[in-house]
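Asker: Attaching a predicted model along with its sequence, questions to come.
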Amino acid sequence: MLETYRGVVYPHQLDHMGHMNVQWYTSKFDEATWHLFSSVGLTNEYMVKNSCGMAALEQKTTYEAELMPGDLVCVKSEVLEVKNKTLRFKHYMYNTETQALCATTELLAVHLDRIKRKGVKLPEFVSQSVLLQEA
């Protein structure tokens, strides 16, 4: 798996029960997503130049262990499936100091034409990049 995020839990990210609120899990996973996309060639430069983008179609998150203020966080990611227009991938969030798995999220995203606002075929280099990462 590829490391796609590294950060820390800040006090302003807590909910009224004293642990990291679910919105921040989603935020950290979202930042990891852009690093994962870039690693397979779906860079910001590519998206701007080609008027393309990626949009989430499905997301399933599981919470395994609480994260508290000051906890160091690492997200590792993997591509599970590349289809014609879609990419399925999974993120794993760990407490860096304890190595405990804290949360996972699996997403299905579609490659889209931002002008036509519809799904379009993923470029061939995405599949090739995924195969290289698996080797």
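Answerer: Arrived safely.

Asker: is it true that T62 touches C102?
Answerer: No: using Cβ atoms under 8 Å, T62 makes no contact with C102, being 9.9 Å away. For the C-beta atoms, the positions are set from N, CA and C on the backbone; glycine is no exception.

Asker: where does the chain dip in pLDDT?
Answerer: 135 (pLDDT under 70).

Asker: May I see the buried residues of the top helix by length along the chain?
Answerer: Secondary structure of the chain per DSSP state H: the longest helix is helix 22-39. Of all the residues in helix 22-39, those buried under the rule 16 or more other Cβ atoms under 10 Å are 24-25, 28-29, 32-33, 36-37, 39.

Asker: Run through the neighbouring helices and strands of that helix.
Answerer: Under the contact criterion of 3 or more Cβ pairs under 8 Å, 6 or more residues apart in numbering; DSSP states H and E, helix 22-39 touches strand 2-8, strand 52-63, strand 72-82, strand 86-95, strand 101-113.

Asker: just checking, G7 touches S27?
Answerer: No: at 9.6 Å, G7 does not count as touching S27 under the criterion of Cβ under 8 Å.

Asker: show me what contacts the most centrally placed residue in the chain?
Answerer: For the chain, T33 is the residue whose C-alpha lies nearest the centre (Cα atoms, centre = their mean; 2.6 Å). Residues counted as contacts of T33 (Cβ atoms under 8 Å, 6 or more residues apart in numbering) are 4, 77, 89, 91, 107, 109.

Asker: Please determine how far the last one is located from V73.
Answerer: Here A109 is placed at a distance of 22 Å from V73 (Cβ to Cβ, to the nearest Å).

Asker: got it, and the first one?
Answerer: Computed with Cβ to Cβ, the distance linking T4 and V73 is 12 Å.

Asker: Then the fourth one?
Answerer: When distances are taken as Cβ to Cβ, H91 and V73 turn out to be 11 Å apart.

Asker: between those two, what contacts are shared?
Answerer: By Cβ under 8 Å, 6+ apart, the residues touching both H91 and V73 are Y5.

Asker: Alright, calling it a day.
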